[in-house]
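S.K.: here are the coordinates; sequence isn't available:
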């Protein structure tokens, strides 16, 4: 995630002098901002390089403190993501940039389904086993709701393959990425055994079962008068029929139903 956010920063032709990094990225941004006026690393847990310990949805910085916020890999487990984005918008200077990457709603699809089926088979009841995560469409709406200009959200899907359910669970524990739900129901042995069986039955010919991780990438700018703005409806000068095929000019049937302008 940090490498991808760094690549996206390379496409921005401006200098950032006051940088807030949410979630320690293992020092991947250190050299990039070595000459910055201010580079603050904030994280909910103390660690190497962490300068401020705080939750992402309780940012303790003054309005207009930063011109760049990088959130690397932590926002999927924030308790109040809409509130966090509103705070980020507030502490950015006008025309400041937010870049974020975190796990999206399609992450661990197979694990969710396996645990649900196993719960129902073992005790005829179901409980939430994976905390909810935001999907790509909702993320765009949250950026707009928080007041960001020029919001962009895109996603990347990664496929990981495991020889068994317990190898996947070991990975999640080692990453500190087990469920962060406040209220959790214990998984009985029968359900766990059934889940392992279902997971194994879904394996490919080589004995490995695929699991999905979706990564969402969010880009948003704090509003500024000099930013590009959409034209008012009705001010277009070019008709879509001039650039796209229609029934009249022999193109795809029904592609443009009328003489709409853009």
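M.R.: Thanks, I have the structure now. In this text the structure is predicted, and so the values were computed from the model without any measurement.
S.K.: So which residues of the stretch 51-200 of the chain form strands?
M.R.: For the stretch 51-200 of the chain, the strands defined by DSSP state E, counting those that start in this stretch cover 52-53, 66-72, 92-103, 149-162.
S.K.: what's the most buried one of these?
M.R.: Of these, the one with the most neighbours on average (mean count of other C-beta atoms under 10 Å) is strand 66-72, at a mean of 25. Just so you know, the C-beta spots here come from the backbone N, C-alpha and C atoms, and that holds for glycine as well.
S.K.: in its sheet, what does that one sit against?
M.R.: Sheet partners assigned to strand 66-72 using DSSP bridges are listed as strand 18-22 (parallel), strand 92-103 (parallel).
S.K.: Surely residue 155 touches residue 213?
M.R.: No: judged on C-beta atoms under 8 Å, residue 155 makes no contact with residue 213 at a distance of 10.5 Å.
S.K.: could I get the strands of the stretch 51-200 of the chain as TSV with mean pLDDT and distance to residue 110?
M.R.: Shown next, in TSV, are the strands of the stretch 51-200 of the chain (pLDDT from 0 to 100; distance: least, C-beta to C-beta, whole Å):
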stretch	mean pLDDT	distance to residue 110
strand 52-53	90	35
strand 66-72	95	25
strand 92-103	96	14
strand 149-162	95	10
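S.K.: For residue 35, which of those strands is the nearest?
M.R.: strand 66-72 (13.6 Å; C-beta to C-beta).
S.K.: residues making contact with the closest one?
M.R.: For strand 66-72, the surrounding residues in contact (C-beta atoms under 8 Å, 6 or more residues apart in numbering) are 1-2, 5, 16-25, 29, 38, 40, 56, 88, 91-93, 95-102, 218.
S.K.: Between the two ends of stretch 57-64, what distance do you get?
M.R.: Length of stretch 57-64, first residue to last, C-alpha to C-alpha, to the nearest Å: 17 Å.
S.K.: Tell me how far that stretch lies from the chain's centre.
M.R.: 21 Å (C-alpha atoms, centre = their mean, to the nearest Å).
S.K.: how about low-confidence regions in the protein?
M.R.: 25-26, 246-262 (pLDDT under 70).
S.K.: Following the record's annotation, map out the domains of it.
M.R.: 2-224, 233-262 (automatic domain parsing).
S.K.: which one of these is the most hemmed in?
M.R.: domain 2-224 (a mean of 17).
S.K.: Between its first and last residues, how far does stretch 5-18 reach?
M.R.: End-to-end for stretch 5-18, by C-alpha to C-alpha: 17 Å.
S.K.: now the helices for the protein?
M.R.: For the chain, helices defined by DSSP state H occupy the ranges 2-9, 81-91, 109-123, 136-145, 165-175, 189-201.
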